[in-house]
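Visitor: sequence and predicted structure below; questions after.
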Amino acid sequence: MSSSWCARLPRDVGVVVVAAGQGSRLGGEVPKQFLPVAGVPVLLRALRPFASHPDVARVVVVLAPDQAERPPAFLAPLIGSGLTIVAGGRERSDSVAAGLRALPSDCGIVLVHDGARPFVERGVIDAVIGHARAGDGAVAAVPVSDTLKAQEPTDPTRVSHTIPRDGLWRAQTPQGFPRRLLEQAYARERPAGATDDASLVEACGAVVRLVPDSSRNLKITTREDFALAEALAAAAP
């Protein structure tokens, strides 16, 4: 009897962690992804769940060019042991493309994650990988719970209409894809208004699946987000 049914799946997953932004909305000289939450840098919290995942063969961290030349000290112990640092570009999509090029050829599945999301959960990562292995794209997402209002184009303070929220989801990361799909998406002219990788893959006509996520997987952008992140870290078991 064959025992292949219980064999481990290959380490075929590559992860691009995008951390090339300057965090201008937060202010200060230190990029937000390098700042600590409960004593641990945001970026380190963001990449650890992927670096320790048994299916992940390589994590590529994309930093601003000057930071890639002189990476923060907290990344030093990880460089070379499954982690690579590359320089990003002017736009987020340029940075993802640089990370994608740096992944080894045997990474047939690619996940993209924001370096400013420090609380991604293992179950979400597993679900995204599962959809990508099945041949589809996948995006971690949260159902929209707030009422959405559209503003008048000529009067930004006036409500134009209310947008029904049924069926609307707020996209987060990780987002995962068969590598061929993501490379195909990046080989095309990038459509205006595409703000994430799933949008680019959708524009190719590919299927993208929703993976229910938690609002705990927040992207740190403001000082209020940092305060919430501290509270979440303190409450973690």
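Guide: Good, I have the coordinates. Numbering: from 1, shown residues only.

Visitor: OK, contacts around the residue nearest the centre of the chain?
Guide: Closest residue to the average C-alpha location of the chain: His113 at 1.7 Å, with CA atoms, centre = their mean. His113 sits next to 15-18, 46-47, 50, 120, 173-175 when contact means CB atoms under 8 Å, 6 or more residues apart in numbering. Using the backbone N, CA and C atoms, a C-beta is placed for each residue, glycine as well.

Visitor: among these, which one lies nearest to Phe74?
Guide: Leu47 (10.4 Å; CB to CB).

Visitor: so for the closest one, what's the pLDDT?
Guide: On the pLDDT scale, Leu47 is placed at 96.

Visitor: what is the burial count for the nearest residue to it once chain neighbours are set aside?
Guide: Spatially, and ignoring its direct neighbours in sequence, Leu47 is nearest to Val17 (5.0 Å; CB to CB, 6 or more residues apart in numbering). Per other CB atoms under 10 Å, the neighbour tally for Val17 reads 28.

Visitor: surely Val17 touches Arg45?
Guide: No: in this structure, Val17 is not within contact of Arg45 by CB atoms under 8 Å, at 11.0 Å.

Visitor: follow-up on the earlier one: quick check: pLDDT value at the residue nearest to Leu47.
Guide: 98.

Visitor: who does it bridge with?
Guide: Val61, His113 (DSSP bridges).

Visitor: who touches Thr84 in this structure?
Guide: By CB under 8 Å, 6+ apart, the contact set of Thr84 is 58-61, 102.

Visitor: give the next helix or strand downstream of the helix or strand containing it.
Guide: Element membership for Thr84, per DSSP states H and E: strand 83-87. The element immediately downstream of strand 83-87 (helix or strand, assigned by DSSP H and E) is helix 92-102.

Visitor: identify the residues contacting the residue nearest to Leu47.
Guide: Val17 makes contact with 43, 46-47, 50, 59-62, 99, 113-115, according to CB under 8 Å, 6+ apart.

Visitor: so can I have JSON lines of those residues showing distance to Glu29?
Guide: JSON lines is the format used below for the contacts of Val17 (distance: CB to CB, whole Å):
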{"residue": "Leu43", "distance to Glu29": "16"}
{"residue": "Ala46", "distance to Glu29": "21"}
{"residue": "Leu47", "distance to Glu29": "22"}
{"residue": "Phe50", "distance to Glu29": "28"}
{"residue": "Val59", "distance to Glu29": "26"}
{"residue": "Val60", "distance to Glu29": "26"}
{"residue": "Val61", "distance to Glu29": "20"}
{"residue": "Val62", "distance to Glu29": "20"}
{"residue": "Gly99", "distance to Glu29": "25"}
{"residue": "His113", "distance to Glu29": "25"}
{"residue": "Asp114", "distance to Glu29": "21"}
{"residue": "Gly115", "distance to Glu29": "18"}
